[in-house]
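Q: Here's a sequence, model it:
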Amino acid sequence: MRSVLAAFVLMSIALPAFAHDLVANRYFARVNDPLAHPAAMLLMEYAQERTGTFLRSAGRVSHPALEFGAEDGPENPVDGGEEAFRITANAQGLLIEANTRRGYIFAVGHLLRNATFREGEISIPEPPFVWHETPEYPLRGHQLGYRAAANSYDAWTPEVYKQYIRELALFGINAIEMIPFQDDRPAPLMPVPRRELDLAVSQICAEHDLQFWIWTPAPFDLDDEAARAEAIAEHADFYADCERLDAVFFPGGDPGDNHPNLVMPFLEEIARNLAEHHPEAKVWLSLQGFNEERVDFVYDWLDREQPDWFGGVVCGPGSPLIPESRARLDKRYALRHYPDITHTIRSQYPTPWWDPAFNHTLGREPVNPEPVRYAHVHNIFAPYTDGFITYSDGINDDVNKTIWSALGWNSAQNLRTVLIEYARLYLHHDVAEAVADGILALERNWDGPIVENGAIDGTLAHWQRLESEHPELQSNWRFQTFLLRAHYDAFARHRAIHELELEERANKALLTATDGDAQAAAEAALAILAEADELSVKPEWRQHIIALCADLFESIGLQTSVEEYGASGHERGAVLDYIDYPLNNRWWIEAEVAKALALEDESETLEALLTVANWANPGPGGFYDDIGNVANSPRVVRGEQPNTDPIPQRGDNPDFMWWESGFHQYRQSWVSKMDWPEALRYTGLDPDASYTVRTTGNAQCLLNANGVRVAGEKERVEMGEINSFSIPHELTRDGELVLTFDTPHEPGINWRQQSRLSEVWLVRDE
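A: The predicted structure is shown next:
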């Protein structure tokens with residue numbers, strides 16, 4: 001059995017603190033505590049929106065069905081601190097009690113997440129019961145920077161920000177971080193000036209009793225007195241205009257390259273300006289990009305000076321490890337996690353062993369619900385911290401935000417239950433369990449090779465059924481994101497199956513080339529590859545993806561295309577621009593065939609065409625591994641897995657290079673790479689044969705065969721150039737071989753130019 005909670009209408013604060021039903025003039029709810037007004041308004045608006053009417057209970061009641069705060073005032077504060085709440089339910093109704101405005105909002109969030117909304121009623125569990133909760137971690141927030149780099153935030157009005165912030169608060173967040181100064185690129189989608197929006201968010205936070213943080217790097221030289229003075233003035237001016245400001249976060253070296261002997265005095269000066277307008281606010285610092293000497297300088301400075309204006313250290317991408325940071329930081333200061341929950345690759349917590357097909361199409365910033373993985377990341381590091389404010393660049397990571405919000409409140413929560421509450425709150429009670437399971441299935445779409453993951457089609461069928469059975473959800477932007485991912489994953493899978501088959505056929509056609517008739521074989525191969533242009537693979541899915549991208553731009557400002565929807569860059573979630581991106585080596589083959597046909601010597605043309613066709617063929621008794629390709633690296637030894645090494649620190653994880661926005665003519669195996677695999681292990685070798693290792697990659701390859709260093713023919717190679725290593729026969733006499741790699745010493749070299757490994761052949765010598 002479930003009891004019915006009547007909805008209510010709140011009058012203005014100037015009117016008596018009780019409410020009436022406008023239709024029947026019945027008395028349903030009362031706000032006894034003025035701190036509860038924002039939460040009560042939120043509940044009222046939410047209930048009206050979800051039920052379609054002001055609800056009425058059956059028959060007259062002589063007392064309120066719902067009260068915010070005890071009628072005679074609180075006898076005692078709610079146990080558990082300023083964010084605690086208590087909801088007491090009995091046969092007469094509900095009593096919601098809290099110590100602060102945000103405490104009441106958290107109570108309403110808990111109530112809404114555990115209620116059932118239907119036309120004309122809200123149902124709650126059968127009373128009596130008491131929900132009494134307090135958060136586990138004191139800091140729980142998300143960065144929502146209004147800047148050109150964002151894939152959706154830059155299209156939002158203050159009203160959209162307010163709605164989203166309140167929705168996040170219903171899952172227990174207490175902080176919002178904005179980016180008022182960095183990234184001055186033109187942002188044509190912005191409906192209001194940047195400063196106006198940031199100050200509006202400060203006001204929204206003040207209204208709802210949430211912390212307001214700002215992220216403020218110094219990408220200029222702090223030794224430049226004019227630039228430094230200008231920045232300090234800009235800070236002071238902004239501080240003065242903020243209705244609420246709790247913290248200023250300075251990311252030490254991301255961006256920027258200032259030594260902390262310049263950073264700390266700069267922070268000290270902005271702290272003085274901050275204290276003038278917001279006396280309780282603190283300045284925080286991350287050590288991102290700092291080398292050992294700079295890290296030591298910061299901790300020595302803090303230990304010596306012990307400034308009261310300093311709030312704590314932030315651990316973000318490129319920071320020293322969290323356990324190490326907590327051990328070194330004076331206990332008077334807090335430690336904040338700054339997790340990147342928005343990026344799949346080239347990130348703090350990369351998606352493990354991602355199929356290259358996803359990299360080439362979804363890219364770095366797609367819709368990326370990964371609840372299981374991010375719950376694990378949170379729970380590994382949270383005990384060292386005082387909480388988190390996540391790094392986010394848009395609504396693509398909305399599920400991940402909710403996971404962090406919920407676990408920051410209570411890290412022992414059941415993950416599927418959190419997802420059910422997510423679906424119940426943001427979508428509809430009737431689909432809550434199905435949506436939760438669909439989100440979990442979307443995460444599993446990224447497990448293993450895309451071609452071999454038949455569950456991807458099942459995930460799509462699940463979401464298609466929900467779409468068909470619940471047309472009322474099709475305008476909900478969260479539902480649209482899940483539909484987009486489900487369709488996109490399945491479409492990419494079927495394209496990959498088809499286009500890999502085309503490449504195999506094209507290579508076979510090239511192998512028919514003969515001296516004097518290479519042109520015909522080349523033309524046949526190119527014609528086979530061009531069959532992909534017919535768009536014959538699931539055209540209805542492709543059209544639905546295009547329509548969903550349009551819907552998402554309209555509903556929440558998600559920018560899935562640079563040209564069509566104004567995305568600030570192809571790396572910023574522009575998945576629509578890659579919907580037809582080749583999932584084979586078509587562009588490389590076409591370029592190499594053109595080079596071969598341009599050769600004047602027919603025999604050289606023939607040799608070049610056969611090289612293309614046989615590129616990945618190791619010959620009889622040989623082996624080939626595409627090092628960063630989960631589908632084609634069977635001999636790569638995988639190290640410690642993300643369940644115990646999420647960074648990764650001790651295990652190896654493939655990564656993907658980024659050239660020319662992806663629109664290049666390189667072989668796809670050169671894009672996926674690893675720095676460096678733990679090992680390659682070969683068994684069943686011919687003990688009487690000799691072998692040669694061949695590699696591609698960049699720069700140096702320091703190869704060891706069964707622990708013995710083996711020199712290559714070339715000291716350094718360029719991308720796509722093959723290096724050869726002759727393996728001494730005595731090392732393979734037992735039929736086994738383990739290849740390992742030493743990491744070259746390359747201080748000061750950008751990661752794009754550092755040595756890396758792409759492909760490895762073990763070729764049996766003739």
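
Q: would Phe250 count as being in a helix?
A: No. Checked against DSSP: H, G, I helix; E, B strand; the rest coil, Phe250 lies outside a helix; its state is strand.

Q: Tell me if I'm right that it and Val263 touch.
A: Yes. Counting by Cβ atoms under 8 Å, Phe250 touches Val263, with 7.0 Å between them. Heads up, the C-betas are built off the backbone N, CA and C, glycines and all.

Q: shared neighbours of those two, which are they?
A: Overlap of the contact sets of Phe250 and Val263 (by Cβ atoms under 8 Å, 6 or more residues apart in numbering) consists of 218, 285.

Q: where do the helices sit along the stretch 201-350 of the chain?
A: 225-241, 260-277, 292-305, 322-328 (DSSP state H, counting those that start in this stretch).

Q: Can you show me the strands along the stretch 601-750 of the chain?
A: Taking DSSP state E, counting those that start in this stretch, the strands of the stretch 601-750 of the chain run over residues 623-626, 636-637, 655-656, 672-673, 679-682, 691-698, 702-705, 708-710, 723-727, 737-742.

Q: Check those for me and report the most buried one.
A: Across the strands of the stretch 601-750 of the chain, the average number of neighbours (mean count of other Cβ atoms under 10 Å) peaks for strand 672-673, which reaches a mean of 24.

Q: Now tell me what touches it from outside.
A: 356, 359, 626-629, 654-657, 697, 756-758.

Q: now do stretch 103-113
A: Under the contact criterion Cβ under 8 Å, 6+ apart, stretch 103-113 has outside partners 33, 35-36, 38-40, 42-43, 46, 68, 78, 82-87, 94, 96-98, 124, 131, 133, 135, 166, 169-172, 208-209, 409, 421, 424-425.

Q: Among the residues you listed, name the buried ones.
A: Among those, those that count as buried by neighbour count (16 or more other Cβ atoms under 10 Å) are 33, 35-36, 38-40, 42-43, 46, 68, 78, 82-87, 94, 96-98, 124, 131, 133, 135, 166, 169-172, 208-209, 409, 421, 424-425.

Q: Among these, which lie within strands?
A: Among the buried ones among the contacts of stretch 103-113, the members found in strands (DSSP state E) are 68, 85-87, 94, 96-98, 124, 131, 133.

Q: For Ala240, state which of these is nearest.
A: Using Cβ to Cβ, Ala98 comes nearest to Ala240 of these, at 31.5 Å.

Q: Quick check: phi and psi on the closest residue to Asp577 other than its chain neighbours?
A: With sequence-adjacent residues excluded and distances taken as Cβ to Cβ, 6 or more residues apart in numbering, Asp577 is closest to Ser561, at 5.1 Å. Main-chain dihedrals, Ser561, degrees, to the nearest 10: phi -150, psi 140.

Q: Ser561: neighbour count?
A: Other residues lying near Ser561 total 20 when counted by other Cβ atoms under 10 Å.

Q: Leu680 is in contact with Leu757, correct?
A: No. Counting by Cβ under 8 Å, Leu757 stays clear of Leu680, with 9.6 Å between them.

Q: Next one, pLDDT for Glu230 please.
A: Glu230 carries a pLDDT score of 96 in this model.

Q: Can you get me a residue count around it?
A: 12.

Q: how much space between it and Leu222?
A: As judged by Cβ to Cβ, to the nearest Å, Glu230 and Leu222 stand 12 Å apart.

Q: Also Pro747?
A: Distance from Pro747 to Leu222, by Cβ to Cβ: 23 Å.

Q: more crowded one of those two?
A: Counted by other Cβ under 10 Å, Pro747 and Leu222 do not tie: Leu222 has more neighbours, with 18 against 5.

Q: for that one, what are its contacts?
A: By Cβ under 8 Å, 6+ apart, the contact set of Leu222 is 228, 258, 262-263, 266.

Q: how far is stretch 418-426 from where the chain is centred?
A: On the basis of Cα atoms, centre = their mean, to the nearest Å, stretch 418-426 sits 19 Å off its chain's mean C-alpha point.

Q: For that stretch, give me every contacting residue.
A: The contact list for stretch 418-426 (Cβ under 8 Å, 6+ apart) reads 109, 112-116, 167, 170-171, 371, 399, 402-403, 406-407, 431-436, 439-440, 476, 478.

Q: would you put the C-alpha positions of it in CSV?
A: What follows is stretch 418-426, C-alpha atoms only, in CSV (Å, rounded to 0.1, in the frame of the first residue of the first chain):
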residue,chain,number,x,y,z
VAL,A,418,20.9,5.4,-7.8
LEU,A,419,20.2,4.9,-11.5
ILE,A,420,16.6,4.0,-10.7
GLU,A,421,16.2,7.2,-8.7
TYR,A,422,17.8,9.1,-11.5
ALA,A,423,15.3,7.8,-14.0
ARG,A,424,12.4,8.3,-11.5
LEU,A,425,13.3,11.9,-10.9
TYR,A,426,14.2,13.0,-14.4
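
Q: Provide a list of residues in contact with the nearest residue to Glu269 once chain neighbours are set aside.
A: Nearest in space to Glu269, with sequence neighbours left out and distances taken as Cβ to Cβ, 6+ apart, is Ile232 at 5.8 Å. By Cβ under 8 Å, 6+ apart, the residues touching Ile232 are 266, 269-270, 273.
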